[in-house]
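**Student:** For reference, the sequence and a predicted model appear below.
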Amino acid sequence: MTAYKLNVNGTILSVDVAPETPLLWVLRDTLELTGTKFGCGQAFCGACTVHIDGVAERSCSTRVSTVGESKILTIEGLSGDGSHPLQRAWLEAQVSQCGYCQAGMIMSCAALLATNRAPSDDDIDEALAGHICRCGTYPRIRKAIHAAAKMTAEMGRDAGAGTSAAITPRAGAASGAPTDDARFTANVATGTASPTAGAPRRAPTIDTLVQLDGGAL
Ligand code: FES
Ligand code: FES
């Protein structure tokens, strides 16, 4: 076990865990911040997405020993009272179905809006290419992001910032989905069962995923 001091949602918290422990488990099991979900555990689905220094990253594949003094923002830190434009837009558009993927979706959307205040549908598709929603909420997500962007413009507020988010990506941090993630979603779009080494990077559009979900919405 090793002692770490983590900056989570603007508070410095001490944890004593093994260095290889995924940040996801530290958040959920040690700090009891269970808003961040476990889906695949392999950086494929996006359910575990949090911000690390303002960048949307997969906490399931981030070892706690690599976080250092970076600022971690979870869904609990986006706003204390649900007043963040994305949270309000999510409710107004009734995006959530089972809700399992939604915290990760919202965190990636917050990172998108922090750097792009008026994202196009293509921008949204790109930002969410590594997220899987079994309930097929993609059209409502698009609608909610556009609404949040509009709300933010009217409020003059930074939609990406939570209680502690720094919106400048840390040096060397990857800004997109992991390569395996992109492979997986490309395989979902083509109906291939599992990730394939060397598969071309082709993110599915939301429309494609909706079709695969049988037009659930
Ligand atoms: S649980 Fe981390 S990407 Fe699926
Ligand atoms: S709302 Fe059910 S998995 Fe996305």
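**Tutor:** Yes, it's here. Here the structure is a predicted model, which is why all the values come from computation and not from measurement. Numbering: from 1, shown residues only. Ligands and ions are numbered 1, 2, ... in the order given.
**Student:** switch to C-alpha atoms for all contacts and neighbour counts from now on
**Tutor:** Will do.
**Student:** could you give the mean pLDDT of stretch 79-98?
**Tutor:** Mean pLDDT, stretch 79-98: 94.
**Student:** Buried residues, it. List them.
**Tutor:** Under the neighbour-count criterion of 16 or more other C-alpha atoms under 10 Å, stretch 79-98 has 79, 84, 85, 86, 87, 88, 89, 90, 93, 95, 96 buried.
**Student:** Equivalent analysis for stretch 66-77, please.
**Tutor:** Here stretch 66-77 shows 67, 70, 71, 72, 73, 74, 75, 76, 77 as buried, counting by 16+ other C-alpha under 10 Å.
**Student:** Now, the buried residues of stretch 79-98 that are in strands?
**Tutor:** Per DSSP state E, strands hold no members of the buried residues of stretch 79-98.
**Student:** So which of those would count as near ligand 2 as well?
**Tutor:** residue 96 (C-alpha under 6 Å from any ligand atom).
**Student:** Of the buried residues of stretch 79-98, which is the nearest to residue 155?
**Tutor:** Of all those, residue 155 sits closest to residue 85, with 9.2 Å by C-alpha to C-alpha.
**Student:** That closest one reaches residue 155, doesn't it?
**Tutor:** No: if you go by C-alpha atoms under 8 Å, residue 85 and residue 155 don't touch, sitting 9.2 Å apart.
**Student:** Now do the shared contacts for those two.
**Tutor:** By C-alpha atoms under 8 Å, 6 or more residues apart in numbering, residue 85 and residue 155 have no common neighbours.
**Student:** quick check, residue 110 in a helix?
**Tutor:** Yes: applying DSSP: H, G, I helix; E, B strand; the rest coil, one finds residue 110 inside a helix.
**Student:** For it, the count of nearby residues, please.
**Tutor:** Look at residue 110: counted by other C-alpha atoms under 10 Å, it has 32 neighbours.
**Student:** Next one: it from ligand 2, what distance?
**Tutor:** 17 Å (C-alpha to the nearest ligand atom, to the nearest Å).
**Student:** same check, this time on residue 143
**Tutor:** 15 Å.
**Student:** ok, back up a step: quick one: which of the buried residues of stretch 66-77 sit in strands?
**Tutor:** Those of those lying in strands (DSSP E): 71, 72, 73.
**Student:** Make a markdown table out of the residues you listed and add distance to ligand 1.
**Tutor:** As requested, these are exported to a markdown table (distance: C-alpha to the nearest ligand atom, whole Å):
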| residue | distance to ligand 1 |
| --- | --- |
| 71 | 19 |
| 72 | 15 |
| 73 | 15 |
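**Student:** Go ahead and confirm residue 13 touches residue 6.
**Tutor:** Yes: between residue 13 and residue 6 there is a contact under C-alpha under 8 Å: 5.2 Å.
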